[in-house]
Every structure is written in structure tokens, then in C-alpha cells.
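*Asks:* structure of the sequence below:
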Amino acid sequence: MGSPERLFGRKRTLHEILGGGLVADVILWRQKDVTMSIMLVALAAWVVFEKSGYTLLSLVSSVLLLLFVVLFLWAKSAAILNRPAPPLPELQLSEEMVNEAAAIIRTHVNALLLVSLDISLGKDSRLFFKVAAYLLLIYFVGGLTDFLTLSYTSLVIVLTIPAFYERCEDYVDKYVMMGYRRLLQLYVKLDEEYVNRFQHLVLEKKKLS
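*Replies:* Alright, predicted model coming up:
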């Protein structure tokens, strides 16, 4: 028996398409502890921001304030009681790290500016319509929900749909391909019955005129 027909005629596995590394393992639940931790942290963050009324700025400010107060009191009490100070690492960015980050940012920004220039000057019509469609989709979705809920929902989809597809890909591919073939048959039938008939009517009118 031959191998089942895959969507888009792909030859590689889903794990290979996703990169085959840690990210693919997390998305496909091969690192279950990591994936579950990400889901729980994302759920907790959504509950905190959505239900408690906190914003990202207010939450970060509160956490930093609490951290600084604890460390300050710890250091002062350690000096009075002749105890060791809080064991803090040296927080310092090396020049090499900053240069590498700046180079990466510069490359991506230049690529984005080049694409924007091509779209603005009308050099790539197909890309223009793609970008316009994506922006319209973002505008439509943004009107239905807020950014936080959209981010959490997108994360849940990324961590569930690929894993479900990998476990049931034979059935999914089979029925999707069946549906695709039926749509093609319907298209051919409609083309024969209506489009050809319409073209025939147009030709007859041209002959009569």
C-alpha cells in the first residue's frame, strides 16, 4: 500500500517543517512539561491582566517596586546584623552582545523598509494585495477582541492545532483531500453549465449585432 496523500504534496513531517528543534518539540507536545508550563503561565497572565484590571506597565512597576524594597531591606538588615548581602549577579551588557543585537535589528528594519518602498512605488502588486489583505484581517479581528485576548487565543491555537493534526494527520489529510476534489468537481460542473453557457450567449449576441 502506498503512502497516503499529504496536504500541499508535502514530503517532510510536520516536526521537520516546524524546524525540528526545541520549538517544534514544544508546539507538538514532545516537551509536555514545557508546553504545559507555557499554557499555565499564559492563562495566569491573561487572568491577571483581563480580570484584575492590571495593565502591563502597572504590573511591571509593582513587581519591580516590591523587588527593590525587599532587596533594600535585606541589604540594610544584613549590614546592621553583620550578615552577607543579597547574592546578586553583575548585571552588565557586553559590547559584543549590544553590537550583535543592533546588527540583527538593523537587518530586519532595512528589509522591512525595502519591502515598504517596493509596495509604495507599486513595484510588487502581488505583495501589495497580500499586505492589504493581512491589514484588513488584523483590522477586522482587532475590532472583535483586544490584543491580550487575541495573543492568548493565538498561543492556544499554536499549541493545540498542530499537535492535534500530527496525531490525526492521516484522517485529516484524507478528508480534506476528498473535500478538495469535490470542490474541483463542483467548479468544473459550474464552469461547464454556467460559464460556457454565458460565453455562448455573448457570442450569439455579437453575431446578431
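*Asks:* going forward, measure contacts between C-alpha atoms and count neighbours the same way
*Replies:* Fine.
*Asks:* can you list contacts of the helix or strand that contains L66?
*Replies:* Taking DSSP states H and E as the criterion, L66 maps to helix 56-80. Residues from elsewhere that reach helix 56-80 (Cα atoms under 8 Å, 6 or more residues apart in numbering): 49, 83-86.
*Asks:* redo that, cut-off 6 Å
*Replies:* For helix 56-80, contacts defined as Cα atoms under 6 Å, 6 or more residues apart in numbering pick out 84-85.
*Asks:* residues of the helix or strand following that helix that come out buried?
*Replies:* Sequence order places helix 95-120 as the next helix or strand after helix 56-80, per DSSP H and E. Buried residues in helix 95-120, defined by neighbour count with 16 or more other Cα atoms under 10 Å: I119.
*Asks:* tell me the mean pLDDT for stretch 22-33?
*Replies:* Stretch 22-33 carries an average pLDDT of 88.
*Asks:* oh, that last question was meant for stretch 57-71, not what I typed.
*Replies:* Mean pLDDT, stretch 57-71: 88.
*Asks:* could you point out where this structure is predicted with low confidence?
*Replies:* Scanning the chain for pLDDT under 70 picks out 1-9, 195-196, 198-200, 202, 205-209.
*Asks:* okay, which residue is most central for the protein?
*Replies:* S154 (6.6 Å; Cα atoms, centre = their mean).
*Asks:* Three-state assignment for that one, please.
*Replies:* helix (DSSP: H, G, I helix; E, B strand; the rest coil).
*Asks:* and it, how close does it get to A42?
*Replies:* Separation of S154 from A42 (Cα to Cα, to the nearest Å): 11 Å.
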